[in-house]
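Engineer: Provided below are the primary sequence and the corresponding predicted coordinates.
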4 protein chains.
Amino acid sequence: MSHTTGHHDQQVLQAHPRRTSVDEGALLGCLEACVACAQSCVSCADACSAEADPKMLAKCIRLNNDCADLCAVTARILTRQTETDAGIVRAALEACAVACAACAAECEKHGKHMEHCRICAESCRACEQACRGMSSAKASA
Amino acid sequence: MSHTTGHHDQQVLQAHPRRTSVDEGALLGCLEACVACAQSCVSCADACSAEADPKMLAKCIRLNNDCADLCAVTARILTRQTETDAGIVRAALEACAVACAACAAECEKHGKHMEHCRICAESCRACEQACRGMSSAKASA
Amino acid sequence: MSHTTGHHDQQVLQAHPRRTSVDEGALLGCLEACVACAQSCVSCADACSAEADPKMLAKCIRLNNDCADLCAVTARILTRQTETDAGIVRAALEACAVACAACAAECEKHGKHMEHCRICAESCRACEQACRGMSSAKASA
Amino acid sequence: MSHTTGHHDQQVLQAHPRRTSVDEGALLGCLEACVACAQSCVSCADACSAEADPKMLAKCIRLNNDCADLCAVTARILTRQTETDAGIVRAALEACAVACAACAAECEKHGKHMEHCRICAESCRACEQACRGMSSAKASA
């Protein structure tokens, strides 16, 4: 597929009347990591419920759901550039990183046997790292 | 209206196969404060954009949107009772409280002239308090 | 719990600078039915995954998730009163009603043995009916 | 940015224990159009509120908000592959297409003067077309 969301998101951010003061590349990377992780977690929760033994995946489903919700909201907050409140951004990034770390740890347990958990663990680790990076950049700004 | 969401939410929580270990009254109060605040914030953002001078309300709209998103997600996280991760709950409550405090402070500036801001500020303060209460109860549990 | 969301939502709607042209009681009833059903569905999906045999509940979990998402979004759309597009409202109400009907039919199969499914089926039927009522009122307006 | 969401979403769909019966390319295209449009609409609503004269953009903001919500939910519904209810998918695609068409029409009015509206109109048209395509494929399946 030739269309990359990355390019689209960059256009979107650059069209805003108030350009962001933070590093645009870091912002874009974090935004896309949140969007991708939200997708992976919705998919992994759904895939887990279709597995032969979903009972042993109850924790994975729960963490996927919480993580999907926090990633999606963090993406929305990062997308907005008007009158940004740094404290809210930082707290959302922190909550997102905590959820990603917990979800990654659980998915990693199942990643050898279930491809959706393996992919989801990767998305979660990437998102956790991006959120922690953004959060410390914000804190020192 | 005779139907109270409070009664409904209580039934819902009590029907879960895994009963919560936290104080059920506090959980219900916090859950409903999040649901009510999400509603107030969606409505206040929308009402602000219809005011005679929305430009001076840009910060209010932004905070309403972020706060609505975080309240809605926190409500979903608090509703789930399966394999709860205390760290995620705590971080979501913290992010929600930070957003509620910022949104309340902004809405309070406009509350004398705009009833939707007055109501929204009240919802935000109630939700901030409920989240802080839940968060410290969680931390000491 | 003495605080009713109904009263709160009424205050919120009445504080909007543009009062709605539709029957306010019907709007409030539908809005609250959507909010309550979103909560029931999030809770039922989560409760299903914690049951002894979640495999037989895969369809219920899926319908709960879709229904929760559509109810939550329909509530947000109904809450907004600025420059309402009747076609969007009607299509959202229709999608919400379709999801509620499907989710109710599935939950009713399990309602005798699982209280969360019984409650969720009731919320779904109430929301389906409210959305159908609003949708025909909108269509004839 | 080298990471494309398209590739990621494809991996995610292909890792699901129940492979979809619909054309995978069409599903992926629609899913990504919904995700991209949700992002554009959140951003455009936010950018509109920061413009010199947001009052004339009240309709744009409202349509952006409704469209963002419906696109995000449709993306989540399309991502899930377990026990799919074709009626729900079709109704969600229809609601999403209706919102995209209305939002595109409004954004097109402002696209000459505001880049965020121009980009958002494009995302909305692409998403409308993708949803209509998926919906008729679903209807004939």
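Structural biologist: That came through, no problem.

Engineer: Stretch A:80-87 near chain B anywhere?
Structural biologist: Yes: using C-beta under 8 Å from any C-beta of the partner chain, we find that stretch A:80-87 touches chain B at A:80, A:82-85, A:87. For glycine as for every other residue, the C-beta is placed from the backbone atoms N, C-alpha and C.

Engineer: Which members of the residues you listed are positioned in helices?
Structural biologist: If you go by DSSP state H, the residues of stretch A:80-87 next to chain B have A:Gly87 in helices.

Engineer: Out of the residues of stretch A:80-87 next to chain B, who's the most crowded?
Structural biologist: The residue in the residues of stretch A:80-87 next to chain B with the most neighbours, by other C-beta atoms under 10 Å in any protein chain shown, is A:Arg80 (23 neighbours).

Engineer: need the contact list for that residue.
Structural biologist: B:62, B:65-66, D:42-43, D:46 (C-beta atoms under 8 Å, 6 or more residues apart in numbering or on different chains).

Engineer: that older thread, how about the residues of stretch A:80-87 next to chain B in a markdown table, adding distance to A:Pro17 and pLDDT?
Structural biologist: Formatted as a markdown table, the residues of stretch A:80-87 next to chain B follow (distance: C-beta to C-beta, whole Å; pLDDT from 0 to 100):
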| residue | distance to A:Pro17 | pLDDT |
| --- | --- | --- |
| A:Arg80 | 12 | 97 |
| A:Thr82 | 8 | 97 |
| A:Glu83 | 12 | 97 |
| A:Thr84 | 13 | 97 |
| A:Asp85 | 18 | 98 |
| A:Gly87 | 23 | 98 |
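
Engineer: just curious, which of the residues of stretch A:80-87 next to chain B is nearest to B:Cys37?
Structural biologist: B:Cys37 has its nearest neighbour among the residues of stretch A:80-87 next to chain B in A:Asp85, at 16.0 Å by C-beta to C-beta.

Engineer: same for chain A: which of the contacts of A:Arg80 are within range?
Structural biologist: Checking these against chain A (C-beta under 8 Å from any C-beta), the matches are B:62, B:65-66, D:42-43, D:46.

Engineer: The most far-flung residue of chain A relative to its centre and chain C, how far apart?
Structural biologist: In chain A, the residue that sits farthest from the middle, by C-alpha atoms, centre = their mean, is A:Ala52; the gap is 27.5 Å. Going from A:Ala52 to chain C by C-beta to the nearest C-beta, to the nearest Å gives 8 Å.

Engineer: For stretch A:17-34, buried residues please.
Structural biologist: Of all the residues in stretch A:17-34, those buried under the rule 16 or more other C-beta atoms under 10 Å in any protein chain shown are A:17, A:22, A:27-34.

Engineer: Those in helices, which ones?
Structural biologist: Going by DSSP H, the helices hold A:27-34 from the buried residues of stretch A:17-34.

Engineer: Same list, the residues you listed, but as CSV with distance to chain D and pLDDT please.
Structural biologist: Formatted as CSV, these follow (distance: C-beta to the nearest C-beta, whole Å; pLDDT from 0 to 100):
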residue, distance to chain D, pLDDT
A:Leu27, 12, 95
A:Leu28, 7, 95
A:Gly29, 7, 96
A:Cys30, 12, 97
A:Leu31, 8, 97
A:Glu32, 7, 97
A:Ala33, 9, 98
A:Cys34, 11, 98
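
Engineer: could the residues you listed go into a markdown table alongside distance to chain C?
Structural biologist: A markdown table is the format used below for these (distance: C-beta to the nearest C-beta, whole Å):
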| residue | distance to chain C |
| --- | --- |
| A:Leu27 | 26 |
| A:Leu28 | 26 |
| A:Gly29 | 27 |
| A:Cys30 | 24 |
| A:Leu31 | 21 |
| A:Glu32 | 22 |
| A:Ala33 | 22 |
| A:Cys34 | 18 |
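
Engineer: Next, the contact list for A:Leu93, please.
Structural biologist: By C-beta under 8 Å, 6+ apart, the contact list for A:Leu93 reads A:30, A:74, A:131-132, A:134-135, A:138.

Engineer: so it, which of the three states?
Structural biologist: helix (DSSP: H, G, I helix; E, B strand; the rest coil).

Engineer: where in chain A is pLDDT low?
Structural biologist: A:1-6, A:20, A:138-141 (pLDDT under 70).

Engineer: middle-most residue in it, spatially?
Structural biologist: In chain A, the C-alpha nearest the mean C-alpha coordinate belongs to A:Cys34, at 2.5 Å (C-alpha atoms, centre = their mean).

Engineer: Nearest to chain C: which residue in chain A?
Structural biologist: Among the residues of chain A, A:Pro54 lies closest to chain C, at 4.4 Å counting by C-beta to the nearest C-beta.

Engineer: For that residue, which non-adjacent residue is closest in space?
Structural biologist: Nearest in space to A:Pro54, with sequence neighbours left out and distances taken as C-beta to C-beta, 6 or more residues apart in numbering or on different chains, is C:Pro54 at 4.4 Å.

Engineer: try A:Ala52
Structural biologist: C:Lys55 (7.6 Å).

Engineer: for the one you found, what are its contacts?
Structural biologist: If you count contacts by C-beta under 8 Å, 6+ apart, then C:Lys55 has A:52-55 around it.

Engineer: any chance you could map the helices in chain A?
Structural biologist: Using DSSP H, helices in chain A cover A:5-14, A:24-49, A:58-79, A:86-110, A:115-140.

Engineer: nearest to B:Ala101, of those helices?
Structural biologist: helix A:86-110 (8.4 Å).

Engineer: Could you tell me which residues within the closest one count as buried?
Structural biologist: Under the neighbour-count criterion of 16+ other C-beta under 10 Å, helix A:86-110 has A:88-104, A:106-108, A:110 buried.

Engineer: Next: stretch A:7-19.
Structural biologist: A:8-13, A:15-17.

Engineer: And stretch A:56-70, by the same measure?
Structural biologist: A:57-70.

Engineer: burial measure for the spatially closest residue to A:Cys71 that is not a sequence neighbour, as a count.
Structural biologist: With C-beta to C-beta, 6+ apart as the criterion, A:Cys71 has its nearest non-adjacent residue at 3.9 Å, and that residue is A:Ala38. A:Ala38 has 27 neighbours, counted by other C-beta under 10 Å.

Engineer: A:Ala38 touches A:Ala68, doesn't it?
Structural biologist: Yes: assessed by C-beta atoms under 8 Å, A:Ala38 is found in contact with A:Ala68 at 5.0 Å.

Engineer: Can you tell me which of the contacts of A:Leu93 lies closest to B:Ala126?
Structural biologist: Relative to B:Ala126, the closest of those is A:Thr74; by C-beta to C-beta it sits at 24.2 Å.
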